[in-house]
Each structure stands twice: as structure tokens, then as C-alpha cells.
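J.: turn this into a model:
(one chain, ligands or ions: 1)
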Amino acid sequence: MKVYGQDYRTIWLKPQDHRVVQVIDQTTLPHRFAVVDLHTMEDARQAIAAMTVRGAGLIGACAAFGMYLAAMESPESEFRNYLNAAGDALKGTRPTAANLAWAVERMLGAIAHAPDVAHARLIAMREAMAIADQDVDHCRRIGVHGLHLIRDIAQRKPGKTINILTHCNAGWLAFVDVGSATAPIYAAHQAGMDVHVWVDETRPRNQGASLTAWELGQHGIAHTLIADNAGGHLMQHGLVDLVITGADRVTRSGDVANKIGTYLKALAARDNGIPMVVALPSSTFDFALRDGVAHIPIEERDGAEVRYISGLNSQGCVESVRICPDLTPARNWGFDVTPSRLITKLICERGMCDANEASILSLFPEQRK
Ligand code: MRU
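T.: Predicted coordinates:
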């Protein structure tokens, strides 16, 4: 996608030195665009843990490249043990997104049968790049399928703007390119349709305000930032045609873990008869789980993210300020689970389905037990 008119992915191998992985630093956006070099597996681990990179798809891709860096730096004599330990370290960074463990396991599987360390290193590089390329391809396909939904809405209100509400950032910054929830929006924009996006700010880390607003702006897509609590009001007044979010983990029965607050949007959408659609690549499914509320691990983060807010001050410097009394305690859950009954459709690279086991498995017959 474009940054100041230039094409970028969120992660890539440094062209002059393939032993270095480069990522866009998401902690400095939207105020500063910066690229960070990752030299070691530990750099990749920290980039995920500190949310230099974030979003389910990109976390998976970064873990894959982290495994590649581990393969490059490992002593030959302890290669297998080193890679297994690297995989555990990467998987330990963030618990909710299914893509992380998926990518690590795929990397370990790819190198398992390499005849020697030199081959294993080459395979690791190719596999990490294949995971990144697949992420892009799957997101593009999500766009193709999701465009049908937006076209249906456009036909019901000819000549009028289609208003789409999204939560958090499931855009190209959350993946390697294109994004999941944003893919149908980019496709509709490209097809010349009049789309406008309501962007939830997404407290406490404000991925909507900082990232979704920034990336939509880079692509010239009409959008408006709203407070997290505004969505219900807009829905009651006919100002939302469709809610599209991404997902961090989806069970085989269609329960969806996504950024905290998604469940409340789904409740409001249901109350107002508005379609609530979730877009995800297949790497976000967790086919081992059924009951998402009971079994999806929910990341709990530092309460400081709730107690403080950061932004540009009047001098143009990034500043963090406390918004509550000094001693007020805070809790900070990163995700919630929306039960499948509140979800109108799931869109993945294989097509669109209902959020129930039979419909999901009709797209993924190989997951039938
Ligand atoms: O905590 P983050 O920023 O890594 O959260 C993940 C997300 O961006 C959202 O939950 C998103 O909607 C799904 S990730 C494609």
C-alpha cells in the first residue's frame, strides 16, 4: 500500500542485506514514519512484545521472520534446540492472535526435514517470505469476496454514500499488506464506489485513531474518527450500513476474539439490524477450539495504557499524560470475544460463510473431525 505515494509492505528483507529484516515502526505513527531493522530473533521477539509490529497477520509474519533470524544466528551444533527455544520465545510474546503460533509451527515444520543446517537456513528464508506473500494474497482475496457485500448495499441505496464502521486496525498495517477488514473497503474504493469509514478511536492504545485513520488517509479514503462510545448512536440514526472488523482468533464454531470493544459494537449492530461482518485469513482460525468465551486466551496488558494517553503536544512533541487520579488502579484487557450468534458473516480467502461450524467447515472440509 502507499505511504506518501510510495509502495510499502509492513515487513520485508533489507534489499542490501538479507540477514536483516525491516519493519515499519507502528509505535511512532501517525506522527513519524520510521523503519526499524531487526538483526536477531530477540529483536523480532521484542518488536512483537513492544508492539512495534502488531495486528494478527503481521505478528505471524514477524514471528516467521524471527524464526528465519534464529536459523541464521543459531550455532550449527545446537540448531534444532535453538530453533525450538526461539519458537517458544516468540509464541510467549502475545497470547491471543492465533497467527503467531501458526507461523512458528509452519516454520518448524518447513525446516524439519532439511538435510543440513545450510539447507535449513535457505528453507527458513523462503518459508518466511512465502508466509508474507500468502498473507498478502489472502487479504486480496478477502477484498474480492467482501466487495460483493458492499455492492449489495450500494444497490439498495443508489447514489448514496456507503458508511462502514470499523474497530481497531485490521488494515494493511495489521498484516503484510492490504489488511483484512479494510480489504473490501480498498476494493470498493478502487471500483469507484462512494465509501466512507467511521473509525473507532480504540482506546486504550488508539489503533483506530493512530493507525486506521493514518492508512485510510494515505489512500484517500473518506473517513471520520469517532469516540469509541459513539457507534451505537450512529447506528440508531441510520449512519452505519455495515460493521466490518478483523479478528485475532476465531473458533471452529465462529466465536471471534478481536480488539476489546468489538463485542459491544456487535450488540449494537444486532439491536439495529446492521450486518456485523468479520474478515480474517485462514491462519486466524483456531480449529481446536469451539467455545471462544470460555477458551480463547485474552491478553491482559499494563494498566498504565488505560491511565495514560499520549499524543502530540502544542510544541509538536509526543507526550504522555495521566488522565486519572494518581492512585487510581486500572485493568486492561486487550481483546474480547463476540459470540458467533452476533456475527452476520465471516469473510476469508476461500469465500464468505455463516458464523457456525457447519458453514465454516464447508469452506474448510479438511478440518472435519
Ligand atoms: O493489539 P493489536 O493492535 O495487535 O490488536 C490486534 C488488532 O489489530 C485487532 O484486534 C484487529 O482488529 C485484528 S488483527 C487483524
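J.: how many neighbours does residue 146 have?
T.: 26 (other CB atoms under 10 Å). (Glycine included, C-beta is placed from N, CA and C.)
J.: need the pLDDT of it.
T.: The pLDDT attached to residue 146 in the predicted structure is 98.
J.: how about the contacts made by it?
T.: Listed by CB atoms under 8 Å, 6 or more residues apart in numbering, the contact set of residue 146 reads 183-184, 187, 244, 277, 279, 347, 352.
J.: show only the entries of those found in strands.
T.: With DSSP state E as the criterion, strands contain 244, 277, 279, 347, 352 from among the contacts of residue 146.
J.: in JSON lines, list these along with neighbour count, distance to residue 157 and pLDDT.
T.: Below are the ones in strands among the contacts of residue 146 laid out as JSON lines (neighbours: other CB atoms under 10 Å; distance: CB to CB, whole Å; pLDDT from 0 to 100):
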{"residue": "244", "neighbour count": "26", "distance to residue 157": "17", "pLDDT": "98"}
{"residue": "277", "neighbour count": "23", "distance to residue 157": "17", "pLDDT": "98"}
{"residue": "279", "neighbour count": "30", "distance to residue 157": "22", "pLDDT": "98"}
{"residue": "347", "neighbour count": "27", "distance to residue 157": "21", "pLDDT": "98"}
{"residue": "352", "neighbour count": "18", "distance to residue 157": "21", "pLDDT": "98"}
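J.: identify the residues contacting residue 65.
T.: 11, 13, 21, 38, 44, 128, 132.
J.: make a ChimeraX selection of the buried ones in these.
T.: Only the buried entries of the contacts of residue 65 go into this ChimeraX selection, using 16 or more other CB atoms under 10 Å:
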select :11,13,21,38,44,128,132
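J.: can you name the residue of the stretch 101-250 of the chain nearest the ligand?
T.: Per CB to the nearest ligand atom, residue 246 is where the stretch 101-250 of the chain lies closest to the ligand, at 3.2 Å.
J.: name the nearest residue to that residue, sequence neighbours excluded.
T.: residue 170 (2.4 Å; CB to CB, 6 or more residues apart in numbering).
J.: wait, that neighbour touches residue 184, no?
T.: No - in this structure residue 170 lies outside contact range of residue 184 using CB atoms under 8 Å: 11.1 Å.
J.: mind listing the shared neighbours of those two?
T.: Residues touching both residue 170 and residue 184 by CB under 8 Å, 6+ apart: residue 279.
J.: quick one: which of the two has more around it?
T.: The neighbour comparison of residue 170 against residue 184 (other CB under 10 Å) goes to residue 170, with 31 against 27.
J.: the more buried one: helix or strand, and which one exactly?
T.: Residue 170 belongs to no helix or strand when elements are defined using DSSP states H and E.
J.: residues contacting it?
T.: Contacts for residue 170 were tallied using CB under 8 Å, 6+ apart; they are 55-56, 179-182, 245-247, 258, 279.
J.: kindly recompute the last result at 6 Å.
T.: Residue 170 makes contacts with 179-181, 246, as judged by CB atoms under 6 Å, 6 or more residues apart in numbering.
J.: among these, which one has the most neighbours?
T.: Going by other CB under 10 Å, residue 180 tops the contacts of residue 170 with 32 neighbours.
J.: looking at this, that residue is in a strand?
T.: No - counting by DSSP: H, G, I helix; E, B strand; the rest coil, one finds residue 180 to be coil, located in no strand.
J.: tell me how the chain divides into domains.
T.: 2-134, 145-367 (automatic domain parsing).
J.: off-centre distance for the longest one?
T.: Meaning domain 145-367. 9 Å (CA atoms, centre = their mean, to the nearest Å).
J.: any buried residues in the host helix or strand of residue 269, and which?
T.: Counting by DSSP H and E, the element that carries residue 269 is helix 262-271. By neighbour count on 16+ other CB under 10 Å, the buried set for helix 262-271 is 262-266, 268-270.
J.: all set, thanks.
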